[in-house]
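J.: Need coordinates for the following:
(2 chains)
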Amino acid sequence: MSVSVMIPTALRSYAEGNASITCSGSTVGEALASLTEQHPGLAKHLRTADGKLRSFVNVYLGEEDIRYMDGEATPVAEGATLTIVPSIAGGAR
Amino acid sequence: MNAPKTELPELNNEEIGRYSRHLILPNVGMEGQRKLKGASVLCVGTGGLGSPLALYLAAAGVGRIGLVDFDVVDASNLQRQIIHGTSWVGKSKVESAKARIADLNPNVQVDVYEEPLTSDNALAIVEPYDVIVDGTDNFPTRYLVNDACVLLGKPNVYGSIFRFEGQASVFNHEGGPCYRCLYEEPPPPGLVPSCAEGGVLGILPGIIGVIQATEIVKIILGVGETLSGRLMLYDALGMNFRQLKLRKNPKCVICGPNPTVTELIDYNQFCGVPSMDEGARPTDVSQTDEGFARLSVKDIKAKLDAGWAPFVLDVRKPHEADIVKLDFADLLVAHEDVAAHLAEIPKDRDILVHCKMGGRSAKASKVLADAGYGSVTNMEGGITGWANEIDPSLPTY
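T.: Residues are numbered from 1 along each chain as shown, chains lettered A, B, ... in the order given. Just a heads-up that it's a prediction; the model follows:
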């Protein structure tokens, strides 16, 4: 399956500045693996040392948070969009 | 939340003229305008987000606005913090905002809290207000605002920005999710750069702050559909808005059915940062167990004056060095690339590492220490601290 992964501004410098990366995989986890294979620098921002998705990085399939689906085992359809939404704090300074 | 109609304050003739475009607007009208006059909003932060939203809330006739900020207006704020003016540089942000609001709409009562919001004062400050708006710039205060709102049952109108991108939502409103449902934990310090280190498009907080103001007015009026249960994402470069579904996390430690957080905690500790209450001013920590030293700009200046001649490594980006650099810097390598440039950094000399404010250089110092460099010193406060305290001829950015 070909899947678009939307890269947030905060992580674009680890993805050669791209806002969207085309990945392959039949599940969310496989698509993310394809993403970090293409851009290894993203891996440590997405996953902890033991391979879990970081708690301040949410992944959405379409409009849905994968935490409320089957997590990384959630199947993805051809042409689906995954969005990475990290926690950002800016606002005042 | 809203007082019964009979208890709503009346409008005087000046206010009727001032708010005429609201009064003739279906869904606002006289009753809605009186609701706005009877409402109170606490604005945590009077910076990029707080500036536009406080202006619009005041213009819209919200009767009472509380402002929490301990900062002073800096020239670098004026690119986006439109409630402040050039004549207020160096002076209190809350007083600056209060003066601007008084000029815009003298009917508004402005309460100022010129202090950091902390676990000790948050509940008392938040409690008197109907709606709380989060316009802060750091994770500890965001979790603090969230938890205070959940504990007191107040809606928390959220906005956050980074470079060209913003997020907005409404938390803890009518049984909806809270900020911890969205993000259980903050990132470790240093992994995500702040606006001060990462930059921000000046107009961006205008868009996000005005979305927050819109949501506040809708909550007060009880009209429309708020962003509760939705996260709005805005990308200024692509000029697109997207919305994602937010769900209440059944395992949420504060708003879930079995909360383990039942009172305010130490949010600096929770976020793994040294005290941010005073704006993360660096403290003089000499040798630590980090493997490198942290020295203030004053101590570094004293050592240099006494003949210390370290190899000086600037770990900022080239576009930052284009703005200002230390004339005694030896090498410019972005902090994330330091590990790949060890061959250019001498092992037999003391190394002094600096960036803009001290955050990235601390990470680079750690990389050097871990690579076997025995005498590495991080410049706490960075080139900004150097410009402020040692060499005022240098610009700050």
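J.: chain center to stretch A:32-45, what's the gap?
T.: The chain centre lies 9 Å from the centre of stretch A:32-45; the measure is Cα atoms, centre = their mean, to the nearest Å.
J.: Tell me which helix or strand in the chain has the weakest average pLDDT.
T.: If you meant another chain, say so; for now it's chain A. Sorting the helices and strands of chain A by mean pLDDT, DSSP states H and E puts helix A:9-12 at the bottom, at a mean of 87.
J.: Chain B was what I was after
T.: Ranked by mean pLDDT, DSSP H and E, the weakest helix or strand in chain B is helix B:195-198, scoring a mean of 66.
J.: The helix or strand that it is followed by - contacts with which helices or strands?
T.: Moving toward the C-terminus from helix B:195-198, the next helix or strand (DSSP states H and E) is helix B:204-221. Here helix B:204-221 touches helix B:29-38, helix B:50-60, strand B:131-134, strand B:156-162, strand B:165-171, strand B:230-235, going by 3 or more Cβ pairs under 8 Å, 6 or more residues apart in numbering or on different chains; DSSP states H and E. From N, CA and C alone the C-beta is placed, and that goes for glycine too.
J.: run the last query once more with 6 Å
T.: Applying 3 or more Cβ pairs under 6 Å, 6 or more residues apart in numbering or on different chains; DSSP states H and E, we find helix B:204-221 packed against helix B:29-38, helix B:50-60, strand B:131-134, strand B:156-162, strand B:165-171.
J.: Now for whichever residue of the stretch 1-150 of chain B sits closest to chain A, how many residues are close by?
T.: Residue of the stretch 1-150 of chain B nearest chain A, by Cβ to the nearest Cβ: B:Gly47 (2.9 Å). For B:Gly47, the neighbour count with other Cβ atoms under 10 Å in any protein chain shown is 26.
J.: B:Lys37 contacts B:Val62, doesn't it?
T.: No: using Cβ atoms under 6 Å, B:Lys37 is not in contact with B:Val62, being 7.7 Å away.
J.: what about those two, which has more around it?
T.: For B:Lys37 and B:Val62, the more surrounded residue by other Cβ under 10 Å is B:Val62, and the numbers stand at 28 against 21.
J.: backbone phi and psi for the more buried one, please?
T.: For B:Val62, the backbone dihedrals (degrees, to the nearest 10) come out as phi -60, psi 130.
J.: can you tell me which residues contact it?
T.: Contacts for B:Val62 were tallied using Cβ atoms under 6 Å, 6 or more residues apart in numbering or on different chains; they are B:Leu36, B:Ala39, B:Val41.
J.: Relative to B:Val112, how far out is the first one?
T.: Read it as B:Leu36. Distance, B:Leu36 to B:Val112, by Cβ to Cβ, to the nearest Å: 21 Å.
J.: now swap in B:Pro188 and tell me
T.: Distance from B:Pro188 to B:Val112, by Cβ to Cβ: 34 Å.
J.: now swap in B:Asn77 and tell me
T.: Here the criterion is Cβ to Cβ. By it, B:Asn77 lies 17 Å from B:Val112.
J.: of those two, who's got more company?
T.: Between B:Asn77 and B:Val112, counting by other Cβ under 10 Å, B:Asn77 is the more crowded of the two (24 against 17).
J.: And the more buried one, how close does it get to B:Gly358?
T.: Relative to B:Gly358, B:Asn77 is positioned 20 Å away (Cβ to Cβ).
J.: how close does B:Glu320 sit to B:Thr384?
T.: Per Cβ to Cβ, B:Glu320 is found 11 Å from B:Thr384.
J.: out of these two, which sits in the more crowded spot?
T.: Using other Cβ under 10 Å as the criterion, B:Glu320 and B:Thr384 rank with B:Thr384 on top: 22 against 19.
J.: Pull out the buried positions in stretch B:328-335.
T.: B:Ala329, B:Asp330, B:Val333, B:Ala334, B:His335 (16 or more other Cβ atoms under 10 Å in any protein chain shown).
J.: Does it reach chain A?
T.: No: judged by Cβ under 6 Å from any Cβ of the partner chain, stretch B:328-335 makes no contact with chain A; its nearest approach is 9.6 Å.
J.: what does stretch B:148-167 give?
T.: Yes: Stretch B:148-167 reaches chain A (Cβ under 6 Å from any Cβ) through B:Ser160, B:Ile161, B:Phe162, B:Arg163, B:Phe164, B:Glu165.
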